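> from the sequence below, what's the structure:
(chains A and B)
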Amino acid sequence: DIQMTQSPSSLSASVGDRVTITCQASQDISNYLNWYQQKPGKAPRLLIYDASYLQTGVPSRFSGSGSGTDFTFTISSLQPEDIATYYCQQYDNFPPWTFGQGTKVEIK
Amino acid sequence: EVPLVESGGGLVQPGGSLRLSCAPSGFTFSRYEMNWVRQAPGKGLEWVSHISANGSTIYYADSVKGRFTISRDNAKNSLYLQMNSLRAEDTAVYYCARDILGAGVLDYWGQGTLVTVSS
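Numbering: from 1, shown residues only, chains lettered A, B, ... in the order given. Predicted structure coming up:
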């Protein structure tokens, strides 16, 4: 199974800050990577697919990049409504589809 | 409006069974592959099972293989997860999720239904 490792596991930043989360796959997954946002008590929401494509309706301050084993998720200017846990997920080699352990983003 | 609504969760004793349902709305259910994903309390997301649009291809996570059965009834617009031989470690919120590309891109999720396995 492909293991997905996210870092950091949590972070605290100020409104307006640039926030970056990384996700590393245990083997090459090309660009078959998604990013999800999960707010407390809510279902996950797809933000980015194919590593860098923004899902319809998602604000442009969210972006993704990378290929192979190393990926980056960025919030260009953190907003209060971005407080959530973010997960990466690979879909290159399945089953199983595997998620990273999550990164909790908080406001400083 | 949430286009997927799960039901059927609850409290069950270890070794017991439960059947979850997922009712889609607002899209042509029969055209999409579907998944179940779970989240134990305070933990991350774990993919559980996948079913193709016509039900011919099914996958399970090793942790549930042989105990859980995914199925769908396209005529009734419904997705199911039959869970048998439940264990304490199956305690989680179970989400159904639509697969937009048929390969693991989950674009719509239900609100989840809580399954608690405890004596």
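
> now do the helices in chain B.
Under the criterion DSSP state H, chain B contains no helices.

> near chain A, which residues of it show up?
B:2, B:35, B:37, B:44-47, B:50, B:59-62, B:95, B:97, B:100-101, B:103-107, B:109-112 (C-beta under 8 Å from any C-beta of the partner chain). Glycine gets a C-beta too; all of them are placed from N, C-alpha and C.

> which of those residues are buried?
B:35, B:37, B:45-47, B:50, B:59-61, B:95, B:97, B:100, B:104-107, B:109-110, B:112 (16 or more other C-beta atoms under 10 Å in any protein chain shown).

> would you mind naming what in chain A lies close to chain B?
Residues of chain A lying near chain B (C-beta under 8 Å from any C-beta): A:32, A:34, A:36, A:38, A:42-46, A:49-50, A:55, A:87, A:89-91, A:94-102.

> out of these, which sit inside helices?
Per DSSP H, the subset of the residues of chain A next to chain B in helices is empty.

> for chain A, which residue gets nearest to chain B?
residue A:91 (2.9 Å; C-beta to the nearest C-beta).

> skipping adjacent residues, who's closest to the residue in chain B positioned nearest to chain A in space?
Residue of chain B nearest chain A, by C-beta to the nearest C-beta: residue B:104 (2.9 Å). Closest residue to residue B:104 apart from its sequence neighbours, by C-beta to C-beta, 6 or more residues apart in numbering or on different chains: residue A:91 at 2.9 Å.

> check contacts around the closest residue to residue A:6 other than its chain neighbours.
With sequence-adjacent residues excluded and distances taken as C-beta to C-beta, 6+ apart, residue A:6 is closest to residue A:100, at 3.6 Å. By C-beta atoms under 8 Å, 6 or more residues apart in numbering or on different chains, the contact set of residue A:100 is A:4-6, A:23, A:87-89, B:44.

> Serialize the residues you listed to TSV and add fields for pLDDT and distance to residue A:65.
Listed next are the contacts of residue A:100 as TSV, based on pLDDT from 0 to 100; distance: C-beta to C-beta, whole Å:
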residue	pLDDT	distance to residue A:65
A:4	98	16
A:5	98	17
A:6	98	15
A:23	98	11
A:87	98	17
A:88	98	12
A:89	98	16
B:44	97	23
